[in-house]
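1. Generate a structure from the sequence data that follows.
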Amino acid sequence: MRRKTILSLLIAVLMLTGCASSRMPSQPQIPPLDSSLAAECKALPEPPDGDYDELTGWMLDVIGLYGECAARHRAIVGLWKNCSL
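-> Reported below is the predicted structural model:
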């Protein structure tokens, strides 16, 4: 009877040891977000009341601001796709 008790305890200890040494599942590493990507998009300027040349310059400024914001958005989406969540 004593032999069965010792054998049972030995099996229980070995099973607990096996559980204690198993690896924990690793969390995916998310790359740090670049501060320029976290910046808010710049406010769009108001359209001028002037002539066509001023309006054309304003449109070019708006297109440039949109391009900067769209580039940051594409970079964030690219980082997100590269993360294995």
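
2. Where does pLDDT dip in this protein?
-> Applying pLDDT under 70 to the chain flags residues 18-25, 28-31, 84-85.

3. Output the longest helix belonging to this structure.
-> Determined from DSSP state H, the single longest helix within the chain is helix 52-82.

4. now for it, which elements pack on it?
-> The contact analysis (3 or more CB pairs under 8 Å, 6 or more residues apart in numbering; DSSP states H and E) places helix 52-82 against helix 35-38. In short, each C-beta sits where N, CA and C put it, glycine included.

5. Return the helix it packs on as PDB; C-alpha atoms alone will do.
-> Provided in PDB are the C-alpha atoms of helix 35-38 (Å, rounded to 0.1, in the frame of the first residue of the first chain):
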ATOM      1  CA  SER A  35       5.000  60.200 -33.300                       C
ATOM      2  CA  SER A  36       4.600  61.800 -36.800                       C
ATOM      3  CA  LEU A  37       2.000  59.100 -37.500                       C
ATOM      4  CA  ALA A  38       0.000  59.800 -34.400                       C
END
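
6. Would you mind listing the buried residues in it?
-> Buried residues in helix 35-38, counting neighbours by 16 or more other CB atoms under 10 Å, are absent.

7. With stretch 52-65 instead?
-> Going by neighbour count (16+ other CB under 10 Å), the buried part of stretch 52-65 is residue 58.

8. And that stretch, how far out from the chain middle?
-> Distance, stretch centre to chain centre, for stretch 52-65: 34 Å (CA atoms, centre = their mean, to the nearest Å).

9. Run through who's touching it.
-> With CB atoms under 8 Å, 6 or more residues apart in numbering as the test, stretch 52-65 has contacts from 41-42, 44-45, 47-48.

10. Among those residues, which ones are in helices?
-> Reading helices off the contacts of stretch 52-65, I find no matches (DSSP H).

11. any chance of the residues you listed in JSON lines, with distance to residue 15 too?
-> Converted to JSON lines, the contacts of stretch 52-65 look like this (distance: CB to CB, whole Å):
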{"residue": "41", "distance to residue 15": "57"}
{"residue": "42", "distance to residue 15": "62"}
{"residue": "44", "distance to residue 15": "66"}
{"residue": "45", "distance to residue 15": "70"}
{"residue": "47", "distance to residue 15": "75"}
{"residue": "48", "distance to residue 15": "78"}
